[in-house]
Each structure stands twice: as C-alpha cells, then as structure tokens.
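*Asks:* sharing a sequence plus its predicted fold:
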Amino acid sequence: MSITTTAPGEKKGVSRKAVLVMLALSVGYLLLSYLLVGFKTDQLALVGLVNFLYYITPVTRKFITGFSIFILFWVLFDYMKAFPNYWFNAVHIADLYQAEKAWFGINQGGTILTPNEYWQQHSTPFLDVMSGLFYLSWIPVPMGFAFFWFLKDRRQFIYFLLTFLLVNLLGFIVYYVYPAAPPWYVQQYGFDFVAATPGNTAGLSRFDGFFGISIFHSLYSKSSNVFAAMPSLHSSYPLIVFYYALRNRLGWAANTVFGIITLGIWFAAVYTSHHYVLDVLAGITCAACGILLFNGLMNRQGTLRRAVDKIVAAIQ
C-alpha cells in the first residue's frame with residue numbers, strides 16, 4: 001500500500017512505513033506540546049503544513065524533509081517555556097549592566113550611559129522604522145536563503161540548516177549557563193529579579209506605534225524566556241547567512257545586501273534596547289564558533305559526516 005503523488009521526472013509513492021512515521025511524529029508532537037507548553041492553534045497549523053508539503057509532491061516532500069532541521073530548532077525554542085533558565089542559574093542583571101557601561105559607556109553631560117540608554121534618549125522615527133524592518137527580517141531572510149539553496153544546491157541547503165541549528169544549540173546552552181536580563185528589563189524593573197516576566201517589545205513598540213499595528217507586540221507576547229539575552233541569536237542568524245553567501249561566492253550584490261542586513265540587525269538589537277553590545281558580540285562569537293565547529297566536523301570522515309551525506313542523498 002502506498003499514497004502516490006506525481007511530478008515530472010520524480011519517483012512517486014509514499015510507503016506505508018513513511019505514513020506511519022509521519023503520523024507518529026505529528027501526534028507525538030501535539031501530545032508533547034500539550035503537556036509541556038499547552039495547546040496552541042499554531043501547533044496544528046505547523047503539523048498541517050508539514051503534512052501537506054510532505055504528501056503533495058515529491059519535490060515538496062524533499063524540501064520539508066530537509067527543512068525539518070529548522071523546524072526542530074523552532075520546536076526546541078518553544079519548549080524552553082517549559083524549563084525557564086532561571087530555574088537552574090541566577091539571572092545576571094546588575095553585573096551585566098555595569099559591564100556594558102564600563103566597556104561601552106557613553107559620556108553625556110557628565111553622566112555615563114549605556115548605548116541603549118543613549119539611543120533611548122536620541123531615537124528618531126527614521127531609526128525606529130529602519131530598526132523595525134531589520135528586526136522583522138531575522139526569520140524571512142534565513143528561511144528564504146535556505147529555500148534558495150534548496151533550489152540551487154541541496155548539499156549547501158543541508159549544510160546551512162545544520163549550521164543554523166548548531167549555532168542555536170550553542171546559544172541555548174549559554175542561555176542556561178548564563179541567564180541574562182535584556183536592557184529593557186533594567187529600564188522597567190531595575191536590578192530586582194522578577195520571575196516569569198512577560199515579553200516586551202521595548203523600542204520596537206515605536207515601530208508598531210508609527211504604523212498603528214501590533215506586529216511586534218504579537219511576536220514578543222510569545223517569548224520563550226526574556227532572560228535569554230546573552231548571546232543575541234538575532235545577531236548570529238544574519239552572520240550565518242552572510243558567511244554562506246561569501247563562502248559560495250554569490251557575488252558583490254548579494255554580499256552587500258546580506259552585509260547591510262547583518263549590520264542593521266546588530267544596530268537594531270542595541271537601538272531598541274533588546275540587547276547590550278556585549279550580547280551582540282556574544283552572538284557574533286556564537287555564530288563564529290558554530291560555523292568553525294560544523295566545518296571541522298564536516299572535514300572529518302566519520303559517523304556524523306556519513307549521516308549528513310545520507311540526508312543530502314535523501315533529498316537529491
């Protein structure tokens with residue numbers, strides 16, 4: 001028994017085993033999500049989209065098989081809600097703020113301000129809109145870049161997604177080893193620890209206000225953990241894209257665009273008080289470490305390299 005789909009030049013058919021695996025994964029994800037973080041309609045939407053792409057054509061099945069690497073990141077990020085990092089280690093608030101001021105403080109009228117405090121006093125509508133647009137790109141740019149590689153080079157598609165996942169795993173480890181409050185938390189709560197603090201749009205609220213929308217309010221209301229500011233993975237993601245663009249010699253136009261996006265997100269992270277400069281530097285370091293580690297692993301002949309080769313072969 002098989003469920004068949006057709007596409008020119010493609011072998012058709014989905015085995016009974018594959019159907020049962022997809023069913024088990026779908027039901028298992030929904031049940032585990034319900035137990036850990038509660039039921040949400042977007043969980044059904046994710047399961048529906050994955051199953052639709054898996055069954056509709058052989059090409060979309062290959063895409064969603066490879067793209068499951070990104071989905072795994074998203075699921076792990078969501079499940080962090082069930083295990084707040086402040087359960088395991090003390091949250092760094094005052095010491096991080098003081099370190100930022102010591103390293104990157106700006107003298108204004110005899111008072112030392114952090115860069116976040118400086119930009120909070122010198123915000124402009126132009127910078128509000130620009131920063132909001134850069135921050136909105138952190139999901140579409142990596143996803144669009146991954147789709148580009150799926151069409152152009154399936155090996156680079158898998159390499160990019162695995163690097164993305166590895167960088168996130170490194171960042172998640174740091175989140176639990178070094179829980180850190182973002183700049184907006186100090187601006188709102190001071191140096192006192194308040195558990196289960198809800199997400200906050202901070203400076204991005206000015207973007208929402210400028211256009212009369214609530215896009216960032218909706219996004220940050222779903223924040224997994226506000227005490228996960230160090231490292232800034234928002235700063236890591238565009239750097240991974242920029243690296244793969246340079247590595248694969250996509251040309252000056254693409255490199256320029258991705259370079260501007262990278263610098264723009266770094267600036268926006270500080271300008272909107274979502275991250276300290278130290279957080280951004282930690283995000284850059286995390287991305288660099290993840291890239292170097294993945295490249296090192298792929299340069300070795302071993303079990304992991306063979307497993308990656310099998311994934312690439314499965315979606316060719």
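*Replies:* Arrived safely.
*Asks:* which strands or helices does whatever helix or strand residue 254 lives in pack on?
*Replies:* Secondary structure assignment for residue 254, by DSSP states H and E: helix 252-271. Here helix 252-271 touches helix 115-121, helix 125-136, helix 233-247, helix 277-298, going by 3 or more Cβ pairs under 8 Å, 6 or more residues apart in numbering; DSSP states H and E. Heads up, the C-betas are built off the backbone N, CA and C, glycines and all.
*Asks:* just say which of the ones you listed is most tucked in.
*Replies:* Highest mean neighbour count among the helices and strands packed on helix 252-271 (mean count of other Cβ atoms under 10 Å): helix 233-247, with a mean of 22.
*Asks:* tell me the helices and strands packed up against that one.
*Replies:* Packed next to helix 233-247, using 3+ Cβ pairs under 8 Å, 6+ apart, are helix 140-152, helix 154-177, helix 252-271, helix 277-298.
*Asks:* that older thread, what lies in contact with the helix holding residue 254?
*Replies:* Here helix 252-271 makes contact (Cβ atoms under 8 Å, 6 or more residues apart in numbering) with 115-116, 119, 123, 127, 130-132, 134-135, 137-138, 141, 203, 232, 234-235, 237-239, 241-242, 245-246, 274-277, 279-280, 284.
*Asks:* pull out the buried residues from it.
*Replies:* Neighbour-count burial for helix 252-271, counted by 16 or more other Cβ atoms under 10 Å, picks out 254, 258-259, 261-262, 264-271.
*Asks:* which one of these sits closest to residue 160?
*Replies:* residue 258 (12.5 Å; Cβ to Cβ).
*Asks:* so what's the closest one closest to, chain neighbours aside?
*Replies:* residue 242 (4.4 Å; Cβ to Cβ, 6 or more residues apart in numbering).
*Asks:* so what's the one you found up against?
*Replies:* Neighbours of residue 242 in contact, by Cβ under 8 Å, 6+ apart: 255, 258, 259, 261, 262.
*Asks:* can you pull the pLDDT of it?
*Replies:* We have a pLDDT of 98 for residue 242.
*Asks:* contact partners of whatever helix or strand residue 98 lives in?
*Replies:* Per DSSP H and E, residue 98 falls inside helix 94-104. Residues from elsewhere that reach helix 94-104 (Cβ under 8 Å, 6+ apart): 112-116, 180-181, 183, 186, 191, 230, 276-278.
*Asks:* one more: stretch 187-197?
*Replies:* 84, 86, 90-91, 93-94, 97, 116-117, 120, 185, 200, 202, 226-227, 273.
*Asks:* now list the buried members of these.
*Replies:* Here, 16+ other Cβ under 10 Å leaves 84, 86, 91, 93, 97, 116-117, 120, 185, 200, 202, 226-227, 273 buried among those.
*Asks:* hang on, the earlier thing: nearest to residue 60, of the helices and strands packed on helix 252-271?
*Replies:* helix 233-247 (22.9 Å).
*Asks:* the inter-axis angle of that closest one versus helix 125-136?
*Replies:* Helix 233-247 runs at 70 degrees relative to helix 125-136, counting by axes from the mean of the first three to the mean of the last three Cα atoms, to 10 degrees.
*Asks:* possible to save the buried ones among the contacts of stretch 187-197 as a markdown table with pLDDT and distance to residue 71?
*Replies:* A markdown table is the format used below for the buried ones among the contacts of stretch 187-197 (pLDDT from 0 to 100; distance: Cβ to Cβ, whole Å):
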| residue | pLDDT | distance to residue 71 |
| --- | --- | --- |
| 84 | 93 | 23 |
| 86 | 95 | 27 |
| 91 | 97 | 29 |
| 93 | 98 | 33 |
| 97 | 98 | 36 |
| 116 | 97 | 33 |
| 117 | 97 | 38 |
| 120 | 96 | 36 |
| 185 | 96 | 30 |
| 200 | 92 | 27 |
| 202 | 94 | 28 |
| 226 | 90 | 24 |
| 227 | 95 | 25 |
| 273 | 97 | 30 |
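*Asks:* do you know how far residue 191 is from residue 280?
*Replies:* 22 Å (Cβ to Cβ, to the nearest Å).
*Asks:* revised request: answer the last question for residue 213.
*Replies:* Taking Cβ to Cβ, one finds residue 213 at 26 Å from residue 280.
*Asks:* for residue 102, same thing?
*Replies:* 16 Å.
*Asks:* now residue 74
*Replies:* Taking Cβ to Cβ, one finds residue 74 at 22 Å from residue 280.
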